[in-house]
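Q: Sequence first, predicted coordinates after that:
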Amino acid sequence: MNPEPLLRHLRLLARERHPISSPASLRWAERYLLDEFQQLGLHTSTHAFQSLGGTYHNVVASIPARDGCGDRPPLILGAHYDTVMDSPGADDNASGLAVLLEVARRLTGVPLAREVRFIGFCLEEADLLGSLAYVADLRGRSAALLGAIVLECVGFTRSDPGSQRAPAELPIAVPPCGDFLAIVANAESTALAEAIEQSVNREVPELRTASLVVPGQGELFPDTRRSDHAAFWRYGYPAVMLTDTADFRNPHYHRASDTLETLDLVFMQQVAAAVTVAAIDLASA
């Protein structure tokens, strides 16, 4: 696989994108996502919401279902495009954005039995404000949804034993090496998580995965709620988070050292391939 498409996005997106300290860069990232989706020929729009004393936007693009299948609930693929202050956010979350854009490119032209919707969420780092606003609108319209796959830090690996940590309260054993992709779901999202894992194991067996299903909305395990999938859980929609586990593996998390040079491009290519095949399987079912 050619890493250049991922590298191009990462080189441009790995910069601080914060609503207070770098608002122009945050707006630039919004425009970048819109332009990239439009160049792929996708239908694009923005979802505006009021927060932090201003107006912010989630970026929305979609590949429609083929003729005759437009009434099926859509599948959402998402990643956030803001960062914390003083970090270029290469892993958190330029990695998720790069994979999101690459999956969109790979799915362009694929006949799908349901709409696949790509969303760049804003203000994830501010208590999920963007995704909460978007999903609240979905629920307010009683909109149906197959589920959401949220990409949150998907670019960092470590192969040395003991490089992977986990919250002490987790009910499962976590692999000791930080070279796997975690699939995090709640009980209502079990079927979605299992479908993703089956697709990955069948088509991208070189990508190791580890799955965790938590009860309720993950209240007992707050570290499993730290991304936009939790907004979908809150409103009763199935959702999973795909992640390299962030600070439980990556020492650069939320630091100035979260740079492109620290990322594992082979791993990211595997994640992109995995999400692509999982989306095709789910959108063809």
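A: Cool, got the structure.
Q: which residue ranges form the strands in the stretch 1-150 of the chain?
A: 43-51, 54-63, 75-80, 116-121, 147-152 (DSSP state E, counting those that start in this stretch).
Q: Check the stretch 151-285 of the chain too.
A: So, for the stretch 151-285 of the chain - with DSSP E, counting those that start in this stretch - the strands run 181-186, 209-214, 239-243.
Q: Pipe the strands of the stretch 1-150 of the chain into TSV and attach mean pLDDT and distance to residue 242 per row.
A: (Each C-beta comes from the backbone N, C-alpha and C, glycine too.) Output for those, formatted as TSV (pLDDT from 0 to 100; distance: least, CB to CB, whole Å):
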stretch	mean pLDDT	distance to residue 242
strand 43-51	98	22
strand 54-63	98	19
strand 75-80	98	10
strand 116-121	99	14
strand 147-152	98	6
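Q: Which one, of these, ends up nearest to residue 87?
A: strand 75-80 (13.3 Å; CB to CB).
Q: mean confidence score for stretch 64-71?
A: Across stretch 64-71, pLDDT averages out at 83.
Q: buried stuff in that stretch?
A: Buried residues in stretch 64-71, counted by 16 or more other CB atoms under 10 Å: residue 65.
Q: okay, how far is it across it, tip to tip?
A: 11 Å (CA to CA, to the nearest Å).
Q: Just give me how far it sits from the chain centre.
A: When distances are taken as CA atoms, centre = their mean, to the nearest Å, stretch 64-71 is centred 24 Å away from the chain's centroid.
Q: Begin at 48, not 1, for the rest of this chat.
A: Sure, I'll start counting at 48 from here, so that last one is stretch 111-118.
Q: Okay, the residue nearest the centre of the chain and residue 139: tell me how far apart.
A: Centroid check for the chain by CA atoms, centre = their mean gives residue 198 as the closest residue, at 1.7 Å. Between residue 198 and residue 139 the computed distance is 11 Å (CB to CB, to the nearest Å).
Q: again with residue 156
A: Taken as CB to CB, the span from residue 156 to residue 139 is 31 Å.
Q: repeat for residue 312
A: From residue 312 to residue 139 the distance is 16 Å (CB to CB).
Q: one step back: make TSV from the strands of the stretch 198-332 of the chain and add mean pLDDT, mean neighbour count and distance to residue 209 to it.
A: Compiled in TSV, the strands of the stretch 198-332 of the chain are given as follows (pLDDT from 0 to 100; neighbours: other CB atoms under 10 Å; distance: least, CB to CB, whole Å):
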stretch	mean pLDDT	mean neighbour count	distance to residue 209
strand 228-233	98	26	17
strand 256-261	96	18	16
strand 286-290	98	29	19
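Q: Of all the strands of the stretch 48-197 of the chain, which one is nearest residue 303?
A: Minimum separation from residue 303 across these (CB to CB) falls at strand 122-127, 19.0 Å.
Q: Help me confirm that residue 255 comes into contact with residue 228.
A: Yes: with contact defined as CB atoms under 8 Å, residue 255 counts as touching residue 228 (7.0 Å).
Q: Who's the closest spatial neighbour of residue 68, skipping the chain neighbours?
A: residue 132 (4.7 Å; CB to CB, 6 or more residues apart in numbering).
Q: what does residue 162 give?
A: Nearest residue to residue 162 in three dimensions, chain neighbours excluded: residue 121, at 3.9 Å (CB to CB, 6+ apart).
Q: Could you give the number of residues near the one you found?
A: Neighbour count for residue 121, taken as other CB atoms under 10 Å: 21.
Q: Make sure it is actually in contact with residue 163.
A: Yes: Residue 121 is in contact with residue 163 according to CB under 8 Å; the separation is 6.8 Å.
Q: who touches both of the two?
A: Shared contacts of residue 121 and residue 163 (CB atoms under 8 Å, 6 or more residues apart in numbering): residue 109.
Q: Now do the contacts for the spatially closest residue to residue 73 that is not a sequence neighbour.
A: Spatial nearest neighbour of residue 73, excluding adjacent residues (CB to CB, 6+ apart): residue 64 at 4.6 Å. Residue 64 makes contacts with 72, 73, 75, 76, 128, 129, 130, 136, as judged by CB under 8 Å, 6+ apart.
Q: Need the pLDDT of the fifth one.
A: To tie it back to what came earlier, the one meant is residue 128. 98.
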